[in-house]
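Enquirer: quick one, what's the 3D model for this:
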Amino acid sequence: MNKMSITPKGLRLLLAGVLVMIAGYILLTGPAPVPEVFNYAMFDWRRLVAAPLVILAGIVVIVVAIMGRREKKEN
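Expert: This next block holds a predicted model:
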């Protein structure tokens, strides 16, 4: 028997979720801080709000890809 527990549609959703999470981590990055100078850019809206929301959206997509209902085939 050659059955996978996840469908090709689920695999595409899983890949999409990983790509969304990578985009969120890219949003978290920024210039390297200089220890002698306080940088207000680390409190930017993009880093504090947008990036974590994008990462959470990626996690939700991955959970849906793994736990989503499978279509039953009629024989």
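
Enquirer: for the rest of this, base every contact and every neighbour count on C-alpha atoms.
Expert: Fine.

Enquirer: pLDDT of the one helix or strand Ile55 maps to, averaged?
Expert: Following DSSP states H and E, one finds Ile55 within helix 51-67. The predicted model gives helix 51-67 an average pLDDT of 94.

Enquirer: ok now the one helix or strand Gly10 maps to, how far from the chain's centre?
Expert: Per DSSP H and E, Gly10 falls inside helix 8-28. Remark: helix 8-28 is offset 5 Å from the chain centroid, using C-alpha atoms, centre = their mean, to the nearest Å.

Enquirer: hmm, back to that, quick one, the helix holding Ile55 and helix 8-28 angle?
Expert: 170 degrees (axes from the mean of the first three to the mean of the last three C-alpha atoms, to 10 degrees).

Enquirer: show me where pLDDT drops low in the chain?
Expert: Along the chain, the parts satisfying pLDDT under 70 run over 1-2, 4, 70-75.

Enquirer: remind me what the helix holding Ile55 packs against, helices and strands.
Expert: In terms of contacts (3 or more C-alpha pairs under 8 Å, 6 or more residues apart in numbering; DSSP states H and E), helix 51-67 is packed against helix 8-28.

Enquirer: elements contacting the helix it packs on?
Expert: Partner elements for helix 8-28 (3+ C-alpha pairs under 8 Å, 6+ apart): helix 51-67.

Enquirer: can I get the CA coordinates of the helix it packs on in CSV?
Expert: Extracted in CSV, the C-alpha atoms of helix 51-67 (Å, rounded to 0.1, in the frame of the first residue of the first chain):
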residue,chain,number,x,y,z
ALA,A,51,6.5,40.0,12.2
PRO,A,52,4.9,38.0,15.1
LEU,A,53,1.5,38.1,13.4
VAL,A,54,3.0,36.9,10.2
ILE,A,55,4.8,34.1,12.0
LEU,A,56,1.6,33.1,13.8
ALA,A,57,-0.3,33.1,10.5
GLY,A,58,2.4,30.7,9.2
ILE,A,59,1.9,28.4,12.2
VAL,A,60,-1.9,28.4,11.6
VAL,A,61,-1.4,27.4,8.0
ILE,A,62,0.9,24.6,9.0
VAL,A,63,-1.6,23.3,11.6
VAL,A,64,-4.4,23.4,9.0
ALA,A,65,-2.1,21.5,6.5
ILE,A,66,-1.4,18.8,9.1
MET,A,67,-4.7,18.6,10.9
